[in-house]
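Enquirer: sequence below, structure please.
(one chain, ligands or ions: 1)
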Amino acid sequence: MTPSEGLLVRRIREGTVIDHIPAGRALAVLRILGITGREGLRVAVVMNVESRRLGRKDIVKVEGRHLSSEEVNRIALIAPSATINIVKDYRVIEKKRVELPELIEGIITCTNPTCITRKPGEPLKPRFKLLSRRPLRLQCTYCGTIIDEEDVLEQLEEASEERR
Ligand SMILES: [Zn+2]
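Expert: Residues are numbered from 1 along each chain as shown. Model prediction:
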C-alpha cells in the first residue's frame, strides 16, 4: 500500500472498510448495502487503485456502520475477492473474507416472470442454489432458472433507479 492510500483506508475512526473489490464495482457494493449517500454516513469510495492481488481494485469505507453477515454475503455476489475490515479507534480489529453461501435467499429476484416467487402477494422468498462462484451461476430452487453475474448487476442497477 502506498502512504497516501494508507491514509485513505486507515483514517476512519469506527466503521467498515471493504477492500479488494474488483475495479469498477464499488458503486454496486454501495447499492447492495442500500447506501445512497442520503443516510448522513461518511462514505469514501476509492476506485482503480493498484493492487498486487487484483491489478486494480476499488475500496469502500463507511464510517459508523457495521455490516451484518447477510450484507457481507451479498457483497460476495459481485465482489468475491473482497475483504471486510472492521475498524475501531482507527485500528483494524477484525478482518474477514466474504463468502457466498450455498443457498442465497431474499436478495435477488428470479428472472423468470412466471416463477412462483414473482406472484404478487406470494409470501415465498426467492431462493437460489449456488452452482458456481466464478463465474457466478445461481439456480432458482423453485423454477430452475439459472442466473449469472450480469443478471445480478442489472438488478442492482434497477433497484437503485427505483429508490431515486
Ligand atoms: Zn424462479
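Enquirer: mind listing the helices for the protein?
Expert: For the chain, the helices defined by DSSP state H cover 3-10, 26-32, 69-78, 149-163.
Enquirer: how about low-confidence regions in this structure?
Expert: Low-confidence segments of the chain (pLDDT under 70): 1-10, 159-164.
Enquirer: what does it put close to the ion?
Expert: When proximity is defined as CB under 5 Å from the ion, the chain approaches the ion at 110, 112, 115, 140, 142-143, 145. Yep, even glycine has a C-beta here, placed from its N, CA and C like the rest.
Enquirer: among those, which are in strands?
Expert: Cross-referencing the residues of the chain next to the ion against strands under DSSP state E gives Cys140.
Enquirer: tell me how far the residue lying closest to Val46 once chain neighbours are set aside lies from Ile108.
Expert: Closest residue to Val46 apart from its sequence neighbours, by CB to CB, 6 or more residues apart in numbering: Ile59 at 4.2 Å. Separation of Ile59 from Ile108 (CB to CB, to the nearest Å): 24 Å.
Enquirer: same question, Ala26
Expert: For Ala26, the distance to Ile108 - CB to CB - is 19 Å.
Enquirer: per the record, what domains does this structure have?
Expert: The chain is divided into the following domains under the TED database: 15-97, 103-159.
Enquirer: can you say which of those domains is packed in most?
Expert: Most buried of the domains of the chain by mean neighbour count (mean count of other CB atoms under 10 Å) is domain 15-97; its value is a mean of 17.
Enquirer: ok so, going back, is it correct that the residue nearest to Val46 is in contact with Asp19?
Expert: Yes. Using CB atoms under 8 Å, Ile59 is in contact with Asp19, at 5.3 Å.
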